[in-house]
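> Give me a model of this one.
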Amino acid sequence: MPQSPSFSVTLLLIAILSCGIYSVGLKPSNQRCRSLAEQELFNGLFSATAMVGAILSALLSSGSLYIPLGGVLTAALFGFGFSMCVFTNLKALEEGPLSLTTLIVNFSLIFPMFYSFFFLGEAVTVVRICGILLLLVCMLLFTNPRITGEKKISARWIVISAISMLINGLLAVIAKIYTLKTDGAYAAQFLVYGYLFATLTSFVLSAILRAGQRKEERRPLRAFFTPAIVFLFLLVGAANFGMNLMVLLLATLMDGAIVYPAIQGGGPMIAVLGSRFLFGEQISWKKWIAIILGVLAIVMLNL
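Okay, the predicted model is just below:
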């Protein structure tokens with residue numbers, strides 16, 4: 001049954017908002033985690049929340065959670081990478097500002113684009129070349145204290161943000177390859193198993209890290225599960241799943257040349273506004289220009 005344009009626009013707005021909420025929600029979550037073990041526990045909890053949403057979506061759409069064995073193995077790789085991506089994103093937020101970290105991680109879309117260029121024969125357009133050049137300029141701007149207003153740019157922040165970007169890009173390539181090979185037939189189910197393996201990975205790592213802590217460093221779990229942290233892992237998990245679900249739904253309703261630039265550009269802008277008005281991050285006019293150029297680079301890479 002054909003859907004009205006307003007329905008598609010509504011889904012797109014939900015996707016953009018979900019992307020922004022997910023990015024903004026990681027900042028206070030990280031502030032409430034006192035150790036690596038608690039960070040991985042949080043990752044597992046929000047991944048489990050997203051998995052519940054994915055299960056309901058898969059059952060409602062097809063009535064089955066079946067996925068071929070190759071899909072399960074791919075989802076396992078995806079889930080492990082997803083857990084590592086979130087972990088490095090959280091670590092990057094300890095070292096640098098939310099506004100710029102979110103943009104750098106979203107620059108990861110350059111990897112699936114290169115994959116499309118070299119292996120799928122997609123055209124190398126002038127707009128995308130300009131987007132790549134602008135992205136390189138932005139990376140230089142983001143590491144310049146005179147532009148960002150930071151007293152000092154942490155080398156750890158640059159390295160960890162770059163690692164998170166790389167992992168996020170590889171995840172996008174994995175998802176793209178699997179979707180192309182299956183023609184999107186098991187997209188919802190792939191999310192279920194991807195989130196499942198992300199949850200298991202995070203819980204196992206959390207247990208290992210917790211066992212390695214000295215007794216006096218180990219906060220009781222009941223002290224970790226505050227109302228704030230419960231609200232945050234439910235919020236972040238729902239937002240991450242909501243973003244992925246909207247992308248799946250929009251794949252058949254709206255041109256990808258509209259969907260991806262809007263989400264990849266709009267989500268980081270919400271994160272920038274959140275960093276300014278919720279966390280008091282100072283953003284000078286020079287930094288605003290660098291951020292806007294970064295968003296523009298993301299949009300151009302998606303066109």
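> going forward, measure contacts between C-alpha atoms and count neighbours the same way
Will do.
> can you count the residues close to residue 188?
Using other C-alpha atoms under 10 Å, residue 188 has 24 neighbouring residues.
> Name the residues of the host helix or strand of it that come out as buried.
Counting by DSSP states H and E, the element that carries residue 188 is helix 187-211. Neighbour-count burial for helix 187-211, counted by 16 or more other C-alpha atoms under 10 Å, picks out 187-203, 205-206, 209-210.
> immediately after that helix, which helix or strand?
With DSSP H and E, the next secondary element past helix 187-211 is helix 221-224.
> Distance from that next one to the middle of the chain?
27 Å (C-alpha atoms, centre = their mean, to the nearest Å).
> And for that helix, what's in contact with it?
The set of residues external to helix 221-224 that reach it, using C-alpha atoms under 8 Å, 6 or more residues apart in numbering, is 33, 38.
> Now it - C-alpha only, CSV.
Taking Å, rounded to 0.1, in the frame of the first residue of the first chain, the C-alpha atoms of helix 221-224 are listed here in CSV:
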residue,chain,number,x,y,z
LEU,A,221,26.0,-3.4,41.0
ARG,A,222,23.1,-2.1,43.0
ALA,A,223,24.9,1.2,43.3
PHE,A,224,25.4,1.3,39.5
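> what about it, average pLDDT?
Mean per-residue pLDDT for helix 221-224: 90.
> ok, back up a step: which neighbouring elements make contact with the helix holding residue 188?
Judged by 3 or more C-alpha pairs under 8 Å, 6 or more residues apart in numbering; DSSP states H and E, helix 187-211 is in contact with helix 36-62, helix 69-95, helix 227-250.
> same thing but at 7 Å, please
helix 36-62, helix 69-95 (3 or more C-alpha pairs under 7 Å, 6 or more residues apart in numbering; DSSP states H and E).
> just the angle between it and helix 69-95, please?
Interaxial angle, helix 187-211 versus helix 69-95 (axes from the mean of the first three to the mean of the last three C-alpha atoms, to 10 degrees): 50 degrees.
> got any ranges where the stretch 101-250 of the chain has weak pLDDT?
The stretch 101-250 of the chain contains residues with pLDDT under 70 at 184.
> now the helices and strands packed on helix 187-211 as JSON lines including mean neighbour count?
Formatted as JSON lines, the helices and strands packed on helix 187-211 follow (neighbours: other C-alpha atoms under 10 Å):
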{"stretch": "helix 36-62", "mean neighbour count": "22"}
{"stretch": "helix 69-95", "mean neighbour count": "21"}
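> Which of the ones you listed sits closest to residue 142?
Residue 142 lies closest, by C-alpha to C-alpha, to one member of those: helix 69-95, at 13.5 Å.
> contacting residues for residue 98?
residue 275 (C-alpha atoms under 7 Å, 6 or more residues apart in numbering).
> cool, and the one 10 residues further on?
Residue 108 sits next to 165-166, 168-169 when contact means C-alpha under 7 Å, 6+ apart.
> taking the residues you listed one by one, which sit in helices?
165-166, 168-169 (DSSP state H).
> From the chain's centre, how far out is stretch 141-157? Work that out for me.
The answer for stretch 141-157 is 22 Å, by C-alpha atoms, centre = their mean.
> For it, measure first residue to last.
End-to-end distance for stretch 141-157: 14 Å, by C-alpha to C-alpha, to the nearest Å.
> Buried residues in that stretch, which are they?
So stretch 141-157, judged by 16+ other C-alpha under 10 Å, has buried residues 141-144, 147-150, 153, 157.
> just those now: which is nearest residue 23?
Nearest member of those to residue 23, counting by C-alpha to C-alpha, is residue 157, at 16.5 Å.
> so that closest one makes contact with residue 95?
Yes: using C-alpha atoms under 7 Å, residue 157 is in contact with residue 95, at 5.0 Å.
> List the buried residues of stretch 126-141.
In stretch 126-141, counting by 16+ other C-alpha under 10 Å, buried: 128, 131-132, 134-135, 138-139, 141.
> How about residues contacting it?
147, 290, 293-294, 297, 300-301, 303.
> can we see that at 8 Å?
Contacts for stretch 126-141 (C-alpha under 8 Å, 6+ apart): 104, 107, 110, 147-148, 290-291, 293-294, 296-303.
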